[in-house]
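Enquirer: this one's sequence-less:
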């Protein structure tokens, strides 16, 4: 697999942002730029193209991605619907999904997920303590199976993964990189931590 030709990167920004007062998390300012711009840096130049899955503010997102795709079905059905949308619309054999609210993801994320998948269908990041189901590399050919699961009412990512040949990829050397920002307090704490790390080298 050559990720620059075979992998589409998809940033999941299709949620309602309820814990942020309904604001669009991907567009929230963080260290002077939208959150999604920090996430894009982890993918740009490492995959064939970077897409954003968003269900509002498409015009704002369009300058931050090669393509913006809305959920195939509406009503904010959760990240599994965003993953399905990516699997169904990607034009590469592989898809990497990441959340829009994890601005400190490892810069070598793509390389490590690709190295960790072996002959499997799905590779999922594990920080040494817990799994991060929305940081994953998936075969696009899984789209039909996921469609069937969604039609059956499945909305839990880990339960769907369990139906397939999936692997944990060890990121225990950088667990803080997977911090996600659900509230304004989360955002301020991570901004302060990253600023301190920058100043101390």
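Expert: Sure, I can see it. All of these numbers come straight from a predicted model, not from anything done at the bench.

Enquirer: out of everything not next to it in sequence, what's closest to residue 49?
Expert: Nearest residue to residue 49 in three dimensions, chain neighbours excluded: residue 66, at 4.2 Å (Cβ to Cβ, 6 or more residues apart in numbering). Backbone N, C-alpha and C define where each C-beta goes, glycine included.

Enquirer: list the contacts for the one you found?
Expert: The contact partners of residue 66, by Cβ atoms under 8 Å, 6 or more residues apart in numbering, come to 49-51.

Enquirer: how much space between it and residue 174?
Expert: Separation of residue 66 from residue 174 (Cβ to Cβ, to the nearest Å) stands at 27 Å.

Enquirer: please apply the same query to residue 51.
Expert: Distance from residue 51 to residue 174, by Cβ to Cβ: 25 Å.

Enquirer: list the beta-bridge partners for the residue lying closest to residue 86 once chain neighbours are set aside.
Expert: Spatial nearest neighbour of residue 86, excluding adjacent residues (Cβ to Cβ, 6+ apart): residue 10 at 4.0 Å. According to DSSP bridges, the partner residues bridging residue 10 are residue 51, residue 97.

Enquirer: residue 10 contacts residue 96, correct?
Expert: Yes: between residue 10 and residue 96 there is a contact at 6.9 Å, judged by Cβ atoms under 8 Å.

Enquirer: give me the more crowded residue out of residue 51 and residue 174.
Expert: residue 51 (23 against 16; other Cβ atoms under 10 Å).
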